[in-house]
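In: have a look; sequence and predicted model below, questions after that.
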Amino acid sequence: MHDETRMLLTRTAPQTLLTGSRAVAKGRPSLRLSGKSSDGLARLARHFNAVASTLRQRTRALHDALERLEAIQHDAMHDSLTGLPNHALFIERLRQALAQQDRDAHFRSAVLAVNLERFHLINDSYSYATGNHLLCHIAQHFVDRLRSGDIIARLGADQFAILLRGVASTDEALQISRQLIELPGFTAPGAHQPLQIKCRAGLAMSDGTADAETLLRDADNALQAARGSESDPIQVFQASMYARMLTTLTLETDLRRALAERTLSVAYQPIVRLFDQRIASFEALVRWQHPLRGQISPDVFIPLAESLGLIHELGMFVLHRACLDILTWQRQTGPDAPPVSINLSARQLARATLARELLDTILGHGLTPERLRFEVTESLLTHSSGQNIETLHILHDAGITVLIDDFGTGYSALSYLHTLPCDIVKLDGSFVGPVATDDRPRAVVRHSIGLAHDLGMAVVAECIEKEDQLHTLRDIGCDFGQGNLFSKPLSANEACRLLHDDNGAR
Ligand code: C2E
Ligand code: MG
Ligand code: MG
């Protein structure tokens, strides 16, 4: 304590100080002294009041800081859009529920992971504001229907988790879940009619051993299964789902590594002219030789690459590799080495810069655009945005041949064909298989070939495996063929040798 203050205090009437300190305790500190008080006492009073005022300010600042801290803590535990608990708070509450089960084995809990199906379409078709509006209403809808003690959290853009506390059985949890995920139509600004959102959900029951994170992960695994289910939008977690998820996870890590280390390879399958079976072009097909699992089919890892956002990198790798191999073939067999077609995936085609990137790569290798072709699947074009078609137009105008792959498997194929900047259609193997033996697919193939020719397009038949298929297709006017009858997909060196032989046969 300040020396002067201490001296004054010892001379001050104890009663006055007592009154002043009581006032401080009540939060209204102000010490008033009578006219008879000495100067010293007046100074003490001033000093006392100054200290009390500082105390008051500090108390207020502390109070404000506490309020701010509470707000920060609230924000850290809640979703800013809907105000619902977030992942951290959900896990905390789930832990509490599981602790209750430790004390009372009959008190079981369940976690329901809920996803709003194709919600991104709302954002894409309307606006983010509409999407946000809808999310808040859906969140409120869930909250209104929760049983007392249950909680719901928002875990991601369109993903929620619900904790069902105290459920007797999986059947009971399922019944509650079914009612919860049944959504009515919601009105939203910008939408002229109520928007119908459907949910998919995964349910995991606590078994007394799984911790909170595991239970939530299990519910999420069940949700993944529900996403792929045709029959039931809710799936209950089973151990096999976890094993499947682990497989996908390790495959995911391995695919990332294979791409980074460039250990994928490209095989080339010849496309031949049917009338003389000479090589007209090649199709580039990506290959992945996994160090432990052997060859993995593109039908497995292409969708994986798409879902991981790696497909463009993969596609550019294939294009780059094909450009280098064409240059080698040109050096070894002459400048007229046949063109190579590259498959483009739906995700790639949605890139606004794709055409430029493809052309830059081709020209950057010193190749002319007609050396490369691009295949896009039919289904991709029926659901096409303006961007897809725009990209194809740019490529086509630059002199690149565009092929429609798997023709006949999409919808309304014939009705839009004339609108596409396309030069060649590739008839899907499912028509080619029975073409020699079954009248109906033969009729479809014949008419498809006729239509393509009328539109100035050539036709390739895929997956030709037998002589009778080749003869039938040739008889009904098909131009080109691809399939194991002519050659399986080959390495770049094998393809080069085949080209030598083909040139020698000229
Ligand atoms: P796709 O583009 O329709 O390729 C033709 C598929 O048919 C290839 O399967 C080829 O090996 C197979 N095939 C060829 N001849 C025959 C035959 O006579 N009989 C049978 N049963 N099959 C035959 P693959 O290589 O397994 O590729 C499957 C699909 O994966 C491709 O279908 C394509 O959609 C996709 N894919 C392959 N490589 C790439 C790539 O580099 N990028 C992208 N985006 N997709 C690719
Ligand atoms: Mg293809
Ligand atoms: Mg195909």
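Out: Yes, it's here. Residues are numbered from 1 along each chain as shown. Ligands and ions are numbered 1, 2, ... in the order given.
In: just give me the residue closest to the centre of this protein.
Out: The centre of the chain sits closest to residue 307, judged by C-alpha atoms, centre = their mean, with a distance of 5.6 Å.
In: what does the longest strand anywhere in the chain rub up against?
Out: Once the chain is assigned using DSSP state E, the strand that runs over the most residues is strand 279-290. Residues outside strand 279-290 that contact it (C-beta atoms under 8 Å, 6 or more residues apart in numbering) are 254-255, 258, 263-273, 295-296, 298, 301-302, 314, 317-318, 321-322, 338-343, 373, 375, 480, 482, 489, 495, 498-499, 502. For the C-beta atoms, the positions are set from N, CA and C on the backbone; glycine is no exception.
In: out of those residues, which are close to ligand 3?
Out: Near ligand 3, judged by C-beta under 5 Å from the ion, there are no entries from the contacts of strand 279-290.
In: of these, buried ones?
Out: Among these, those classed as buried by 16 or more other C-beta atoms under 10 Å are 254-255, 258, 264-272, 296, 298, 301-302, 314, 317-318, 321-322, 338-343, 373, 375, 480, 482, 489, 495, 498-499, 502.
In: which of these fall in strands?
Out: 265-272, 296, 340-343, 373, 375, 480, 482.
In: now for the helix ranked longest in the chain, which elements pack on it?
Out: The longest helix of the chain (DSSP state H) is helix 39-77. On a contact count with 3 or more C-beta pairs under 8 Å, 6 or more residues apart in numbering; DSSP states H and E, helix 39-77 meets helix 3-11, helix 14-25, helix 87-103.
In: can you tell me the SS state at residue 189?
Out: coil (DSSP: H, G, I helix; E, B strand; the rest coil).
In: quick check, pLDDT for residue 176.
Out: Per-residue confidence (pLDDT) for residue 176: 97.
In: residues of the helix or strand encompassing it that come out buried?
Out: Residue 176 is part of helix 170-181 when elements are defined by DSSP states H and E. By neighbour count with 16+ other C-beta under 10 Å, helix 170-181 contains the buried residues 173-174, 176-177, 180-181.
In: try stretch 460-476
Out: Neighbour counts over stretch 460-476 (16+ other C-beta under 10 Å) mark 460-464, 466, 469-470, 472-474, 476 as buried.
In: how about stretch 424-431?
Out: Buried residues in stretch 424-431, defined by neighbour count with 16+ other C-beta under 10 Å: 424-429, 431.
In: need the helices for the stretch 401-506 of the chain, in chain order.
Out: Ranges of helices in the stretch 401-506 of the chain, per DSSP state H, counting those that start in this stretch, are 413-416, 429-432, 439-454, 467-475, 492-504.
In: tabulate the ones you listed (TSV), appending mean pLDDT and distance to ligand 2.
Out: Output for the helices of the stretch 401-506 of the chain, formatted as TSV (pLDDT from 0 to 100; distance: least, C-beta to the ion, whole Å):
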stretch	mean pLDDT	distance to ligand 2
helix 413-416	65	16
helix 429-432	91	11
helix 439-454	91	16
helix 467-475	97	18
helix 492-504	92	16
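In: will you turn those into a markdown table that also has distance to residue 351?
Out: Listed next are those as a markdown table, based on distance: least, C-beta to C-beta, whole Å:
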| stretch | distance to residue 351 |
| --- | --- |
| helix 413-416 | 22 |
| helix 429-432 | 28 |
| helix 439-454 | 28 |
| helix 467-475 | 35 |
| helix 492-504 | 27 |
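In: look up how far ligand 3 lies from the nearest residue to residue 227 once chain neighbours are set aside.
Out: Distances taken as C-beta to C-beta, 6 or more residues apart in numbering place residue 200 nearest to residue 227, at 5.3 Å, with adjacent residues excluded. Distance, residue 200 to ligand 3, by C-beta to the ion, to the nearest Å: 30 Å.
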